[in-house]
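my questions are about this predicted structure, shown below with the sequence.
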Amino acid sequence: MSENTRTIKNAVCTFCGCVCDDMELTVDLDEHRITKAKNACILGRSWFSEHVIEDRPIAAIGGKEVSFEEAVEESAQILTKAKFPIIYGLSEASVEAQREAVAIADYMRGSIDSTSSVCHGPTGMAFQGVGESTTTLGEVKNRADLVIFWGCNPAEAHPRLFTRYAVTTKGMFIPRGKKDRTVVLVDPRKTASAPVANIHIRPKPATDFEMIWALRALIKGKKVNASIEKVTGVPLETLQDLAERMKNCNFGVVFFGMGLTMGRGRYFNTGALFSMVTDLNEYTHFVVKPARGHGNVTGADQVLTWQTGYPFGVNFNLGYPRFNPGEFTAVDNLARDGADAAMFIASDPASNFPKAAVEQMKRIPVISLDTRRSVTSELAYVVFSTSAWGLNEHGTAYRMDDIPITLRPAFESPYPSDVVILSAIKNRVFELNIDKRSIGMSARSDIGKATLHASM
Amino acid sequence: MSEKMILIPVRTTEQGTALNKGKLQEAYMLETSMVDVNTDDMERLGLQEGDKVRLSNEVGEVIVTCRGKKPDDLPQGLLAIPYGPPTTHLMDSETYGSGMPVSKHMEVVIEKVIV
Amino acid sequence: MVSATRIVNGKVYDPINNIDGVIRDICIEDGRIVESVPDSATRIEAQGMVIMPGGVDIHCHIAGPKVNAGRKLMPEDHRKDPYPGTAVTRSGSGGIVPSTFTTGYRYATMGYTTAMEAAVPPLSARHTLEELHDTPVIDKGFYVLLANNIFLQNLIKEGRQEEFQQAVAWWMNATRAYTPKLVNPGGDEPWKGKRNTNVHDIDEKVDGISPRQIIEAFVIAADKMNLPHPAHIHCNNLGHSGNYRTTLETMRTAGDKRLHIAHIQFNCYGGEVGKQPASKAAEIIEYINQHPNITCDVGQVMFGNALSMTADAPLAYMLRGINKNKWVNADTECESGCGIVPFTYQGHVYTHTLQWAIGLELFLLTENPWQVILSTDHPNGGSFMNYPKLIRLLMDRGFRRQEIARVNQKAIAKTMISDLDREYSLYEIAIITRAGPARALGLKNKGHLGPGADADITIHDEMEDKEMMFNAPRYVLKSGVHIIADHEFREDHTGRLLHITPEYDQKIEEVIQPFFESYYSVQFENYPIDKSYMHDNEVISTGST
Ligand code: SF4
Ligand SMILES: [Zn+2]
């Protein structure tokens, strides 16, 4: 370690959706690395300490080092020539990069999807169906006297959710921290999160929907048959007790995770949970919060929504955004042999998509942007090495509760940022596709219909 | 001996920290090729800590290393595996119109690999 | 880009400069209106056309967390209304809450060149700025929600008005906002902290503070700071029968100081709480006629789809109780609440017709259109895309009669609407859509066509059907850029952020910071918004003249 260090206060960890912004980083300016991350949890510490500048070419095509410009040109050509190109990833990227990515999808008339579709996509679909009563994390800290963790394991996925936002932390109306809260964990396993729980309910796997539905009935004072225990493995009395606790708390919150979204029930599970929380608002104040994120996946939802109207799984083939999960989502696009070119931004689908989708990645030209080598970058045709968002670059990340936080970079990287790369590709794709886009468009609105039609 | 069980990919701290070292690094490869098995189940299946087991279903199969969990921590019939490349070999690409493949609660057959 | 333009032979309506339908040239250079331009300037032939300053929307919901939640909530609505891109514009989706690009382009398509997002929690100001950056063509700003801010309420309770004012100024700077917004002052704590209840009277104290104390504090602070636009208030009891008394009391609280009442139509109801409302438009407008210090926007209800999205969370919950539709509630720590419910206004429903008629009464009864500004509280009373139709309802008595005949007659009978023969002139339309809102906002370079004004200009073919006419200006210029020519998009444009930077004593940070560190979930140092979010911006000066 050299003497040449710098301290950065109030820096931001973007490893998980907690996006803790109270990091105190010690940066070794000679070695270009972070040597200490005060306040970080174990995951955060490794996020900061493991980020070293790898020695890779800035860009490569087919394994051969090329210039930045050549790689941009090749990428733009690939995306333009393809009939059904897709962009996927975006979770470990700033809002600024995400905005560029959506622009490329628009100009190239392809599909764009974020890692949302394989984490909380079903949560988004439930939101569209039934709405959601939710909150920022500070209100949980200040007010929540009943905190339920359902199908999530913050101790290992969002470690500081407990200490900084939801359990041990003291708040305005929770002066004694954990002593003033009742913590419930719903998980078949005794996970590392179990020790913080006052009550641990252990249903049979994949019976969440049945359990939530029974709770909805109990909350409304309806009778539930004792056989519910056979189905869920949870005694009726336990459910009754939970229903009463939920109705009688002052401010209740349910955090939930992929235990609900990734199983068979998907958006039925999350829709049921949202509906239960809505029901509870007849009796008291109750909110629900997906424990989201890897990185800025929440921001990807936000950007896609404000630019296209839809949170993920968007396609521009017809010249305007369309949304159809199961059709325009990345797994489906790849697995059904639809996508004929792909750009993966700051994500590694080759390591977590179903086999059939990964097989397709090997058959088509793939462009990859990533800070470090990954299973995906290994199979990609065009590979860009990028600087690390947050560590090397300014930008914005959204916390799991949709609060945007400004990043404070720690040291410089010799690699260009994803924003720079994407913006160069965008400009070139725009040029290459200009004749696909109609020159004049009627700006006359249809009387009373509030619609516009392209003069094609 | 083989048996049908429910496989759930989960997050672990080790998987998270290893991820930061890099996905092509040994630590990540190692952590993501472990499967947690209830120790009563292990006994019944004749498995020892560290044994290689084959997980398979109609999509594919993987060989991972068995790691025992107390019955109180992990119910019988449930297998927990850290998120990572091995799970993709067992994952069906059908998303039933949701975009999300079934990635929790996958039915798999577990059996000891005889070396 | 064209640098100099001369518009010739058009009929000019420019109320701020007392020009009422006079044919004269308009000259433009470097984005501003000037006395003259060289002969080489591009000419726009505007014979048979009407020239007005670009429209100014003083109250709408177009960007930020609740708007985006509303957008995300309505895929079924976007599907019906796709918005293709062109060679110069991005694509998007329409519907009741269009995507950001579509929002900007559609405002332009209607001849509006400035719009103010009316309710942003400070903690989400950064998000709002990002969306506004992606909202093309128009200039824009936002009002920041401060009335349910617990820290500020504590200062009011303790009678620390001077520090309160400093803190408000700090918040305006930290968030880059345009003015303080008050929504159901005092109503958040009963909602979040007392099991979803509400405050019911302007003098009811909840945890030691009443709505009136809060309103008073903001009115005084805004006045002392000489804000270009005063405190902008969504009154208590909005939507409830009998609430006109609350509205009158709110206006009285301001005394002779400036105050803007948002979407006042929703606060003009007689009758008893929980029972059918009646119209009290006449009582309200009478007060406004007598008090030039008050401005309001109407919040006209238009039949068809709407999306109720408000920082008044108890109100959204009440609406949800009516239609049992999907519902969003979103709390922001220490600062705000929020509720969203899809809603449809139907002509056969008594209450909806009454609301529609009350809005029209307000327009038609006012003695001074400068005080009564056109809005639908988009998307709460209906989309901003309804403005042309609303203009026709005001300008065309025959059309209005037709429309009256189609709706709930019981409700119509409870209002004066059938007896009001007034027809707005083009000059008056220019007041309620351009000059009036610009003046109320203190935007000296907007809402008129005098030298020095921003060259935000719309040119309409003069037509009998005023809805048709205002639906499709032939030309739209924004900052002198020819955005639309012959009804086609010719150029894209980012638009500017309009905000204020009132002075404050740095010491106030020492008062705010400890509260922050105890009760917020972000670091104090990471809360204020840095320049990187500002894109093109213009600081509107505080202080007199
Ligand atoms: S909780 Fe998440 S954001 Fe916070 S320090 Fe740990 S990994 Fe980073
Ligand atoms: Zn409003």
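Perfect, thanks for sending it. Ligands and ions are numbered 1, 2, ... in the order given.

okay, helices next: where are they in the stretch 151-300 of chain C?
For the stretch 151-300 of chain C, applying DSSP state H, counting those that start in this stretch gives helices covering C:161-175, C:188-193, C:211-225, C:244-253, C:281-290.

export the longest helix along chain B as CSV, just CAs?
If you go by DSSP state H, chain B has its longest helix at helix B:13-21. Taking Å, rounded to 0.1, in the frame of the first residue of the first chain, the C-alpha atoms of helix B:13-21 are listed here in CSV:
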residue,chain,number,x,y,z
THR,B,13,-22.6,-14.4,1.4
GLU,B,14,-19.8,-16.5,0.0
GLN,B,15,-21.5,-16.4,-3.4
GLY,B,16,-21.8,-12.6,-3.1
THR,B,17,-18.2,-12.0,-2.1
ALA,B,18,-16.9,-14.5,-4.6
LEU,B,19,-18.9,-12.7,-7.3
ASN,B,20,-16.9,-9.6,-6.7
LYS,B,21,-13.6,-11.5,-7.2
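
closest residue of the stretch 101-250 of chain A to chain C?
Chain C sits closest to A:Gly138 of the stretch 101-250 of chain A, with a gap of 2.9 Å, by C-beta to the nearest C-beta. Quick note: C-beta positions are derived from backbone N, CA and C, even for glycine.

what angle sits between the helix or strand containing B:Glu3 and helix B:13-21?
Taking DSSP states H and E as the definition, B:Glu3 sits inside strand B:2-10. Angle between the axes of strand B:2-10 and helix B:13-21 is 60 degrees (criterion: axes from the mean of the first three to the mean of the last three C-alpha atoms, to 10 degrees).

please report how far the spatially closest residue to the residue of the stretch 101-250 of chain A closest to chain C that is not a sequence neighbour lies from C:Gly208.
In this structure, A:Gly138 finds its nearest non-sequential neighbour in C:Glu333, 2.9 Å apart by C-beta to C-beta, 6 or more residues apart in numbering or on different chains. For C:Glu333, the distance to C:Gly208 (C-beta to C-beta, to the nearest Å) stands at 20 Å.

kindly report the same for C:Thr542.
Distance from C:Thr542 to C:Gly208, by C-beta to C-beta: 31 Å.

tell me which of those two has more neighbours.
C:Thr542 (17 against 11; other C-beta atoms under 10 Å in any protein chain shown).

part of a helix, is the more buried one?
No. Using DSSP: H, G, I helix; E, B strand; the rest coil, the secondary structure at C:Thr542 is coil, not a helix.

you'd agree it is up against C:Lys224?
No. When contacts are counted by C-beta atoms under 8 Å, C:Thr542 is not listed as touching C:Lys224 (10.2 Å).

that older thread, for the strand holding B:Glu3, what is the distance to the chain centroid?
7 Å (C-alpha atoms, centre = their mean, to the nearest Å).

which residue is nearest the centroid of chain C?
C:His59 (0.4 Å; C-alpha atoms, centre = their mean).

for that one, grab phi and psi.
Backbone geometry at C:His59, expressed as degrees, to the nearest 10, gives phi -160, psi 110.

mind checking the SS state of B:Lys104?
coil.

could you do B:Leu79 as well?
strand.

quick check: beta-bridge partners of the closest residue in space to it that isn't next to it in sequence?
Spatially, and ignoring its direct neighbours in sequence, B:Leu79 is nearest to B:Leu7 (4.6 Å; C-beta to C-beta, 6+ apart). Taking DSSP bridges as the rule, B:Leu7 bridges to B:Leu79, B:Met106.

burial check on B:Leu7, number of neighbours?
22.

ok, it - contacts?
By C-beta atoms under 8 Å, 6 or more residues apart in numbering or on different chains, B:Leu7 lies in contact with B:Val35, B:Leu55, B:Leu79, B:Ala80, B:Ile81, B:Thr87, B:Leu90, B:His105, B:Met106, B:Glu107, B:Val108.

mind giving me the ChimeraX select for the residues you listed, buried ones only?
Buried members of the contacts of B:Leu7, defined by 16 or more other C-beta atoms under 10 Å in any protein chain shown, are picked up in ChimeraX with:
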select /B:35,55,79,80,81,87,90,105,106,108
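
near ligand 1, which residues of the stretch 51-200 of chain A?
Residues of the stretch 51-200 of chain A found near ligand 1 (C-beta under 6 Å from any ligand atom) are A:His158, A:Pro159, A:Arg160.

same list (those residues) but as a markdown table, adding pLDDT, neighbour count and distance to A:Arg176.
As requested, these are arranged in a markdown table below (pLDDT from 0 to 100; neighbours: other C-beta atoms under 10 Å in any protein chain shown; distance: C-beta to C-beta, whole Å):
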| residue | pLDDT | neighbour count | distance to A:Arg176 |
| --- | --- | --- | --- |
| A:His158 | 96 | 29 | 23 |
| A:Pro159 | 96 | 23 | 22 |
| A:Arg160 | 97 | 21 | 19 |
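
out of the residues you listed, which are inside helices?
Using DSSP H, these in helices are A:Arg160.

nearest to C:Asn148, of the residues of the stretch 51-200 of chain A next to ligand 1?
A:Arg160 (27.8 Å; C-beta to C-beta).
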